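generate a structure from the sequence data that follows.
(chains A and B)
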There are 2 protein chains.
Amino acid sequence: MKLIIVGGVAGGASAATRARRLAEDAHIIVVERGPDVSFANCGLPYYIGDAITDRSKLVVATAKRLRERFNLDVRTRSEVEAINRTAKSVRIRDLVTGQQYDESYDKLLLAPGAAPIRPPLPGVDLPGVFTLRTLQDMDRIRAYVDHGVQRAIVIGAGFIGLELVENFVRRGIATTVVELADQVMPPFDKEMTSPIVAALTAQGVTLLLGEAAEAFEAAHGGVNVKLKSGGSVSGELVVLGVGVRPENKLAVDAGLEVGTRGGIRVNDRLQTSDPDVFAVGDAVETVDFVLGGPAQVPLAGPANRQGRIAADNIFGRASRYRGTQGTAVVGAFGVTAACTGASEKTLRRVQRAFRTVYVHPSHHAGYYPGAEPMSIKLVFDPDDGRILGAQAVGGAGVDKRIDVLAVAIQAGMTVFDLEEMELAYAPQYGSAKDPVNMAGFVAAGLLRGDHPQIDVATLMAIEPADRPLILDVRTPEEFSRGAIAGAVNIPVDELRQRLADLPTDRRIVAYCQVGQRGYLATRLLRQRGFDAANLAGGYTTYRLHCP
Amino acid sequence: MKLIIVGGVAGGASAATRARRLAEDAHIIVVERGPDVSFANCGLPYYIGDAITDRSKLVVATAKRLRERFNLDVRTRSEVEAINRTAKSVRIRDLVTGQQYDESYDKLLLAPGAAPIRPPLPGVDLPGVFTLRTLQDMDRIRAYVDHGVQRAIVIGAGFIGLELVENFVRRGIATTVVELADQVMPPFDKEMTSPIVAALTAQGVTLLLGEAAEAFEAAHGGVNVKLKSGGSVSGELVVLGVGVRPENKLAVDAGLEVGTRGGIRVNDRLQTSDPDVFAVGDAVETVDFVLGGPAQVPLAGPANRQGRIAADNIFGRASRYRGTQGTAVVGAFGVTAACTGASEKTLRRVQRAFRTVYVHPSHHAGYYPGAEPMSIKLVFDPDDGRILGAQAVGGAGVDKRIDVLAVAIQAGMTVFDLEEMELAYAPQYGSAKDPVNMAGFVAAGLLRGDHPQIDVATLMAIEPADRPLILDVRTPEEFSRGAIAGAVNIPVDELRQRLADLPTDRRIVAYCQVGQRGYLATRLLRQRGFDAANLAGGYTTYRLHCP
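Numbers count the residues shown, from 1 in each chain, chains lettered A, B, ... in the order given. You can find the predicted model right below:
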């Protein structure tokens, strides 16, 4: 068996080492355009920010290591320029000598990754305007920063953008973020990004949302970014983090099928439309695990697993890739945000029915010092309660809860299963009723009809004059520190005595700080004949929507 | 509906508040022997150690709160002395006035908890010999400590024992632990407790394993603990943490069924042998979720959920308790140890077939600073790969992986599912191949027959002369820092060139630091015709077994 692998980083390197473990006799050639194989893309921003100080740690496995340990024929600084599917060979160019040659294959695996998008704007190729993909990109940005940068502009507030911002601020750089969407971290629902916005603002980051770069101009030792809105912002350094595009040229030129967004089409064995050609990683289109449609999600975890599965299939094993659910996490300025499965906005776009709940628990028992708050949004099927997605933002323990919910989604579990989950509890680690249980209680109660719920957005969309009675059941102290406009305050502990103060001919929306007392009030009022509903997630969710 | 609940802490308080939310009209009486309801048992050691400084935080809900917010008829300092099931009434004694009275019920819920075992040893009632269950117990121990304690003795190295030890050391007290078993933390398999033992030893804690107290004697302002082995140890303070016994007297006197270990028998609706009497919490015997037999596991999470489920059933809802899987976590001196499902020793005891793997990954990407190591032991079905149990010990992220594995067990997932899990990855939080994926890779590879594996215990049980060739495939530097006796060293990177040095007529057991290079060596050697196996978990697992 002669296997050629195009690309030697995440998916390619995983496939190559797996292939070797499966077949000691195979001839396995890894062709990598860059000088490095198997490096840690996800670490690049942190080396720029000096959080990672040892550059060599970013190289997971050197070409030498892959040769010695795995007996791989690694050819760095080499580019595959064309695939001849009929002859089953590829044309390789040695980028050092310029020499071209053909190499035959029995099986071909494409793992070329995805390239940062460089929008075709005037001045986009000016010195000082960067993208970040390789160690060399990183070195260039870092050299620039080391040379002295006062002001930086990051275009795009997604994962890489946010990580860059944190690291620029760590280096003492005044940073501006320009984001086309009206929110940071577009994979999240907007309200869940409010704590990130608050953290960015607290760090002095300038955030320009709903804004786009129109042109870049050289300006006294730096770059002036002209904005669509007419303004401009300038700095010594601009980094474009506006997304990536699958490196599909080889595949397209070879007549392999690609999806509408450009990802190389593969089946669940990671086989392209040519059965002898496989593809993995950021370059492919896979299946959305939750919704079933096509998914193009550039994530390191799926890339690595795909590499492994492709190698299995190449060597005759029937491994299947189950699809990608988009589990991801980002940390910046002490805030952790993580998500898995479908967001509310995705479900709205595909017109899939869903219900939503919010909970705002502490990471661990409140009585133990250091409990950090988090907000969890759970999205689930309105009929059977199957979990469709989850987002969480806060401090410690956010990643844990999203991992737990990711597994629940993988297992096809429902909100009723979340109620019953038995998770590890000691005061430093969780609560007897874990945040995941809490989300399950609220969601299951909703589906059982125990407490009608109204969303903040729905309530606020009603004309003020037509709104239900908004009943704040918190303490007067909490009420005085900020409340929803027009709300009346009756603390939940006094509610039974003050039922006569409430209207019987008008809907009542109860709320508290996080939804729990509001739920109790709703239960109480409904059993007493009032038409009551609970405001989803209480005042804390209201503040996420209306910071 | 008139509901009487006996016991107002975890399970009882959960049941009472759930009952109120379900039935605004019900008369709900909570009878609690102590002065406090709903306090945080799990926090008690930390108040003694001054990690929690505000005592009031340990009271989750006061009796006043339960009365005002939930309209509960809370009767503290009151004890239910007898149940008259025929009359459907209980005899209550007011412990303040001594007055007795009968109270009728429609439904009765028993949530009396479990009492610390006080072995009937001479001197066990001496001043200075304590158990820890209530806030009052805590106050007494703390007063003793505040008064000045130089040396303390903790009898029992389970969860509470270990937490007490940490807190005594935090207070500067020289602490001795006496444990009957030959290991600390008996729910864990012994080798997984080695890092805990190392941490205790590093803190100067004296650990007497396989040792028991025989008698307690007053000795110049303290207590002298006579040991079974003949020696003795003395200190100003002794705390007994040798386990708990279900408070089943009421139930037994009333003729309700109890299990062989004393737990009140309940069905999956938490109903006792009397359909009008329910029971929850540490006093009941439930079902082992993994093995199906009876389980008596005193844990706060299950107690709280049982309270909720019992209330549901009392008010006509068909909630079911699924059984307890024993998910638990403990932290001490920076070491976190957590477990879920069955241990190897439990499976051996019940003669259930299983396989085991070990992995020793870092909490998060190694290239990002601060990655803390952990060891995970996974136990699974040898035929279908269903996960039966998991244990982990290490630093940060141990609780996360056990929670993920707990959910996998709840979902009936297999080791093949662990391979495919899509978990959140960014360098501060995990790895592209998460520790849980790694455990899945190793376990699934084992079941697929990719790499025969031999356990440390099995290897060490073979007479040295009869052992296979033990091949250390680490670097010479690693080898020189410590290796298994009799091992020969051929680094994995040189193995292909040195095959001629290896015997073809003798079994070879390869090992590296954690099992990964050992696995590669095993694959390589087997494909070259050698009879090779991998040492499970490598040298790190060897060191857990043979510290």
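
the closest residue to A:P116 other than its chain neighbours: what's it in contact with?
With sequence-adjacent residues excluded and distances taken as CB to CB, 6 or more residues apart in numbering or on different chains, A:P116 is closest to A:T131, at 3.7 Å. Using the backbone N, CA and C atoms, a C-beta is placed for each residue, glycine as well. Shown in contact with A:T131 (CB atoms under 8 Å, 6 or more residues apart in numbering or on different chains): A:P116, A:R118, A:D137, A:V239, A:L240, A:G241.

for B:N534, state which of the residues you listed is nearest.
Minimum distance to B:N534 across the contacts of A:T131 is 39.2 Å, recorded for A:D137 (CB to CB).

ok so the closest one is a strand residue?
No - looking at A:D137 with DSSP: H, G, I helix; E, B strand; the rest coil, it is helix, so not inside a strand.

who's in contact with it?
Contact analysis of A:D137 by CB under 8 Å, 6+ apart lists A:L44, A:F130, A:T131.

I figured A:V90 was touching A:E79, is that so?
No - counting by CB atoms under 8 Å, A:V90 stays clear of A:E79, with 10.0 Å between them.

okay, those two: which has more neighbours?
A:V90 (23 against 18; other CB atoms under 10 Å in any protein chain shown).

quick one: the residue nearest to A:P116 from A:A115, how far?
8 Å (CB to CB, to the nearest Å).

does chain B sit close to the helix or strand harbouring A:G518?
A:G518 belongs to helix A:516-527 when assigned by DSSP states H and E. Yes - Helix A:516-527 is in contact with chain B by CB under 8 Å from any CB of the partner chain, via A:R517, A:Y519, A:L520, A:R523, A:L524, A:Q527.

filter these to the buried ones?
A:R517, A:Y519, A:L520, A:R523, A:L524 (16 or more other CB atoms under 10 Å in any protein chain shown).

with pLDDT and distance to A:P427 added, can I get those in JSON lines?
What follows is those, written out as JSON lines (pLDDT from 0 to 100; distance: CB to CB, whole Å):
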{"residue": "A:R517", "pLDDT": "96", "distance to A:P427": "23"}
{"residue": "A:Y519", "pLDDT": "96", "distance to A:P427": "25"}
{"residue": "A:L520", "pLDDT": "96", "distance to A:P427": "25"}
{"residue": "A:R523", "pLDDT": "95", "distance to A:P427": "29"}
{"residue": "A:L524", "pLDDT": "96", "distance to A:P427": "31"}
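
if we can go back for a sec, now, the contacts of A:D137 that are in strands?
A:F130 (DSSP state E).

which stretches of the stretch 1-150 of chain A form helices?
A:10-22, A:44-48, A:63-70, A:135-148 (DSSP state H, counting those that start in this stretch).

minimum distance to A:P491: which of those helices has it?
helix A:44-48 (47.1 Å).

other residues contacting that closest one?
A:52-53, A:55, A:58, A:132, A:135, A:137-138, A:141-142, A:145, A:160, A:163-164, A:166-168, A:171, B:368, B:427.

rewinding a little: pick out whichever of the buried ones among the residues of helix A:516-527 next to chain B sits closest to B:D399.
Proximity of these to B:D399 (CB to CB) peaks at A:Y519, which lies at 27.9 Å.

show me the contacts for the closest one.
Contacts of A:Y519 by CB under 8 Å, 6+ apart are A:V442, A:G445, A:H451, A:N534, B:R21.

make TSV out of the helices of the stretch 1-150 of chain A and add mean pLDDT.
Supplementary listing: the helices of the stretch 1-150 of chain A in TSV, determined by pLDDT from 0 to 100:
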stretch	mean pLDDT
helix A:10-22	96
helix A:44-48	97
helix A:63-70	95
helix A:135-148	96
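
between A:V90 and A:E79, what contacts are shared?
A:V31.

need the residues of the stretch 351-500 of chain A near chain B, please.
A:365-369, A:399-400, A:402-404, A:406-408, A:410-413, A:417, A:419-430, A:432-434, A:437, A:450, A:492-493, A:496.

quick one on the thing from earlier: wait, which of the buried ones among the residues of helix A:516-527 next to chain B is closest to chain B?
A:R523 (4.6 Å; CB to the nearest CB).

good, we can wrap up now.
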